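> Pasting a predicted model and its sequence here:
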Amino acid sequence: MTLNRQQFFCKNNLQLRNVLLFLTLVFACGWLKPAYTADFEPLDEMALMSLKKHSKAMQQLAPQLRVQLRSVRMNMKFDVREIHNIERSIGKALSDVERMLAMHNTDRVNSIRARFLVDDLRRKAAALTQGLAHVTLRVAKKYGVTDQQAINDIQLSEEDAQLLSLLRDYSQLVNQSLQLVSGMVEDESLQPIQ
């Protein structure tokens, strides 16, 4: 009986040593690193404050822009899919910026998640830029102007002018937010969509 007890304690002692050795190796190898990895730089305080301001401005512009898009869709016979694509980009861009802010506020910044958010925001910025170009072209056709630059020279209706102004402002806010957060992820494979 004494021999079995010694073997039992010796075996448990050996298992405990193996577990401790394994944990020591894990910490020595650096497997448990903080979320800030080499390819990721979290936003500094100034950039974070700017991103918060952009988010608030986007939250204020989004409902007005949606209303304008829906009213113009009826008046100018837009394809429903085009307007829905712009509206979806408006909502997704705002949610991406809010998720980025939430990630920084909780100090649980993850480089992989940040990359996905930046990529998604880049796609939404490109979609909004395309949507702005499309709406501008449709408004130009409505007034019989062939050049998009000449649309600034003619007198637009209040509704059309407000739509273009809101869409430009929102697109500009998304692009500025993208510039702020794209500095976080430094990877040459992430090029702007053209």
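On my side now, so go ahead. Numbering: from 1, shown residues only.
> Report the helix or strand with the lowest average pLDDT across this protein.
Taking mean pLDDT, DSSP states H and E as the measure, helix 2-29 is the helix or strand of the chain with the lowest mean score, a mean of 63.
> Need the three-state assignment for the nearest residue to residue 69 once chain neighbours are set aside.
With C-beta to C-beta, 6 or more residues apart in numbering as the criterion, residue 69 has its nearest non-adjacent residue at 5.3 Å, and that residue is residue 83. The C-beta positions use only the backbone N, C-alpha and C, and glycine is treated the same way. When the structure is reduced to helix, strand and coil (DSSP: H, G, I helix; E, B strand; the rest coil), residue 83 reads as helix.
> Please report how far residue 83 lies from residue 163.
When distances are taken as C-beta to C-beta, to the nearest Å, residue 83 and residue 163 turn out to be 11 Å apart.
> These two - which one has more neighbours?
Taking other C-beta atoms under 10 Å, residue 83 and residue 163 do not tie; residue 163 has more neighbours (23 against 20).
> OK, contacts around the residue nearest to the more buried one when sequence neighbours are not counted?
Once its chain neighbours are removed from consideration, residue 163 has its nearest residue in residue 68; the separation is 4.3 Å (C-beta to C-beta, 6+ apart). Taking C-beta atoms under 8 Å, 6 or more residues apart in numbering as the contact definition, residue 68 lies against 159, 162-163, 166-167.
> After the one helix or strand residue 98 maps to, which helix or strand is next?
For residue 98, the element it lies in under DSSP states H and E is helix 80-105. Next helix or strand after helix 80-105 toward the C-terminus (DSSP H and E): helix 111-142.
> after that following helix, next one along is what?
According to DSSP H and E, the helix or strand after helix 111-142 is helix 158-182.
> helices or strands up against that next one?
Other elements packing on helix 158-182 under the criterion 3 or more C-beta pairs under 8 Å, 6 or more residues apart in numbering; DSSP states H and E are helix 45-76, helix 80-105, helix 111-142.
> and residue 173, which of those helices is closest to it?
helix 45-76 (5.1 Å; C-beta to C-beta).
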